Structure formats: C-alpha cells, structure tokens
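**Student:** Sequence first, predicted model second:
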Amino acid sequence: MVMEAEFKDAEVFKKMMDTIGSLMSDVSIDFNEEGFAIKAMDPANIAMVLFEAKKSIFSSFNVEKPIKISVSLDDLNGILRLTKKEDRLKMSDSKNRLVIDINGKNKQHFGIPLIDENYTAQKIPQLKFTSEVTVLGSLIKDSVKAAVLVDDSIYFTVDRPRFIISSKSEEKEFSQELSINDNKEIFDMKSDSTTRSKYSIDYLTKFLYAVDPEKPVRMSFSNNYPLKLDYEINSDASMSFILANRLE
C-alpha cells in the first residue's frame with residue numbers, strides 16, 4: 001500500500017468527481033506528499049479540467065511516494081453517490097485496485113480495478129488572455145441558464161467598464177449588460193482592449209455545476225480564444241476549466 005487517505009468532507013470530492021464525470025469516462029488522480037491533482041482532457045479535446053487539493057482536505061493522509069490512480073468514473077461515482085454527508089470516506093491502493101471504505105451508520109467496503117497504467121497526464125496549455133472578469137458564482141450561473149433558452153452558444157464581451165453576456169439564434173435573443181461601476185456581483189475587471197468570444201453552453205453548464213453561488217469565479221479569455229474558469233471550492237481545494245472557443 002502506497003497511499004491511504006481519509007476525507008474530512010466526502011461531499012467536496014463527490015461533487016467534483018460528479019462534475020468531471022459529466023465530461024469524461026475515466027480519470028487519473030496524481031497523489032503526492034502535498035495532496036492530489038487531476039489534469040484531464042475530454043475525449044472531444046474541447047475541454048480540460050484541473051482540480052487540485054491540498055493534503056489538509058484529509059483528516060488523515062499518508063503517501064509513501066507519488067502514485068497515479070486511474071479509474072473508471074462510472075465505477076468511482078457509483079460508489080460516491082452512496083455516501084451521506086456525515087459519512088467518512090477512506091481511499092487506499094492495494095494490488096492494482098482502488099479500495100474505498102465508507103464508514104457511517106453502515107460500513108461499506110469496495111474495491112475497483114485500476115485502469116490504463118500508461119496514462120500520461122495532460123500538459124496545461126500556455127494561454128495568454130487580454131481580458132479577465134471576476135464575478136459572483138450566482139451571476140454567471142443564472143446568466144447561462146437564461147442564455148440556454150435562446151441558443152446552444154453564449155458570447156462574453158468585455159468593453160470596459162461593461163461586461164456583456166449574450167446569446168442569439170435566428171428567432172430569439174438574450175443579452176445582459178453589467179458594469180463594474182454599478183454591479184456588486186462584478187468584483188474585478190481587467191482588459192487590454194474590447195474582447196469578445198463565443199462558447200458552448202452545454203460545457204459551461206457542466207463546469208458551473210459545482211460552483212458555490214456565493215463565491216467568486218474568475219473568467220479569462222481573449223478575442224475568439226479559449227476560456228479559462230477558476231474558482232475555489234474551499235481553502236483546501238480549487239478547480240479550473242479550459243474551454244475551446246466556438247468559431248463565429
């Protein structure tokens with residue numbers, strides 16, 4: 001056994017894996033003495049997910065040496081959905097298997113096979129952005145819900161001090177204009193020039209599933225360029241997504 005760890009709050013891990021599971025069928029988790037990280041690309045090469053957690057997210061944590069755990073998300077998430085908020089969740093490796101123990105009112109023990117031992121972690125692309133907007137989670141979640149009523153794509157435009165969210169189809173349209181001077185839901189805005197880009201609403205909806213409505217989300221993009229979303233889950237963990245832009 002190289003790795004053994006028990007979560008303080010299994011709900012955080014459960015929600016993150018559920019979000020990642022909406023994008024891909026398997027995942028590789030890199031454990032080291034500092035905590036663990038996930039870097040993965042969806043099969044269509046449209047979206048990348050980056051999840052990092054410090055070892056302080058665990059009530060107990062022991063990693064003898066760096067180890068990569070690759071498993072089916074169908075297997076893992078099926079087990080995680082059985083956990084309740086008060087349950088303790090412990091994971092360990094044993095003979096090419098991931099062992100999961102759920103300790104609560106009832107004790108449950110699972111072992112699932114490791115897969116794809118030659119899996120290579122994705123390289124994070126080096127992106128340069130001309131605009132960056134930090135907004136309240138509830139604002140961007142509500143705006144995406146509004147835009148999906150019109151089309152399957154959404155536009156983000158920064159024209160300081162305005163941040164414009166819009167969507168348009170042949171028959172319908174939606175737009176929401178916000179100003180950093182007037183809207184308390186916008187915490188920060190940086191921009192070198194007027195910036196506009198188009199993205200998939202389906203992917204954004206999946207990304208935003210785990211966002212706390214009361215916490216900030218940083219959105220970075222350029223003209224007709226990938227989008228990067230960053231948000232903290234808590235003081236121990238953070239999540240980032242990179243989404244390819246749609247052509248105009």
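**Tutor:** Yes, it's here. Numbers count the residues shown, from 1 in each chain.

**Student:** In contact with residue 105, which residues?
**Tutor:** For residue 105, the contact set (CB atoms under 8 Å, 6 or more residues apart in numbering) comprises residue 84. (Glycine included, C-beta is placed from N, CA and C.)

**Student:** distance of the most far-flung residue of the chain relative to its centre from residue 145?
**Tutor:** Relative to the centre of the chain, the most outlying C-alpha is that of residue 171, 32.6 Å out, by CA atoms, centre = their mean. Remark: distance between residue 171 and residue 145 (CB to CB, to the nearest Å) = 19 Å.

**Student:** Show me how far the lowest-mean-pLDDT helix or strand in the chain is from its chain's centre.
**Tutor:** Using mean pLDDT, DSSP states H and E, the weakest-scoring helix or strand in the chain turns out to be helix 10-21, at a mean of 88. Relative to its parent chain, helix 10-21 has a centroid offset of 9 Å by CA atoms, centre = their mean, to the nearest Å.

**Student:** in its sheet, what does the helix or strand following that helix sit against?
**Tutor:** Note on helix 10-21: by DSSP states H and E, the next helix or strand toward the C-terminus is strand 26-32. When sheet partners are counted by DSSP bridges, strand 26-32 sits next to strand 35-41 (antiparallel), strand 67-72 (antiparallel).

**Student:** Tell me which of those lies nearest to residue 1.
**Tutor:** strand 67-72 (10.0 Å; CB to CB).

**Student:** list the buried ones in the helix or strand just after the closest one?
**Tutor:** Scanning forward in sequence from strand 67-72 by DSSP H and E, the next helix or strand is helix 73-80. Neighbour counts over helix 73-80 (16 or more other CB atoms under 10 Å) mark 73, 75-77, 79-80 as buried.

**Student:** Check the gap between the residue positioned nearest the centre of the chain and residue 96 for me.
**Tutor:** The chain has residue 239 as the residue nearest its centroid, 4.6 Å off, counting by CA atoms, centre = their mean. For residue 239, the distance to residue 96 (CB to CB) stands at 29 Å.

**Student:** And for residue 248?
**Tutor:** If you go by CB to CB, the gap between residue 248 and residue 96 works out to 48 Å.

**Student:** can you list the weak-confidence ranges in this protein?
**Tutor:** Within the chain, the segments meeting pLDDT under 70 span 117-122.

**Student:** Going by residue numbers, what spans are helices in it?
**Tutor:** 10-21, 73-80, 137-147, 201-208 (DSSP state H).

**Student:** can you tell which of these is closest to residue 165?
**Tutor:** helix 137-147 (4.5 Å).

**Student:** now the angle between helix 201-208 and that closest one, please.
**Tutor:** With axes from the mean of the first three to the mean of the last three CA atoms, to 10 degrees applied, the angle from helix 137-147 to helix 201-208 works out at 160 degrees.

**Student:** beta partners of residue 31?
**Tutor:** Beta-bridge partners of residue 31, as defined by DSSP bridges: residue 36, residue 67.

**Student:** again, but for residue 54
**Tutor:** Applying DSSP bridges, one finds that residue 54 bridges with residue 35.

**Student:** Report the contact partners of it.
**Tutor:** With CB under 8 Å, 6+ apart, residue 54 has these contacts: 34-35, 236-237.

**Student:** ok, the closest residue to residue 11 other than its chain neighbours to residue 15 distance?
**Tutor:** In this structure, residue 11 finds its nearest non-sequential neighbour in residue 85, 5.7 Å apart by CB to CB, 6 or more residues apart in numbering. Residue 85 sits 11 Å away from residue 15, going by CB to CB.

**Student:** Same check on residue 86?
**Tutor:** In terms of CB to CB, residue 86 sits 16 Å off from residue 15.

**Student:** ditto for residue 102
**Tutor:** Distance of residue 102 to residue 15, given as CB to CB: 16 Å.

**Student:** for residue 232, same thing?
**Tutor:** For residue 232, the distance to residue 15 - CB to CB - is 14 Å.
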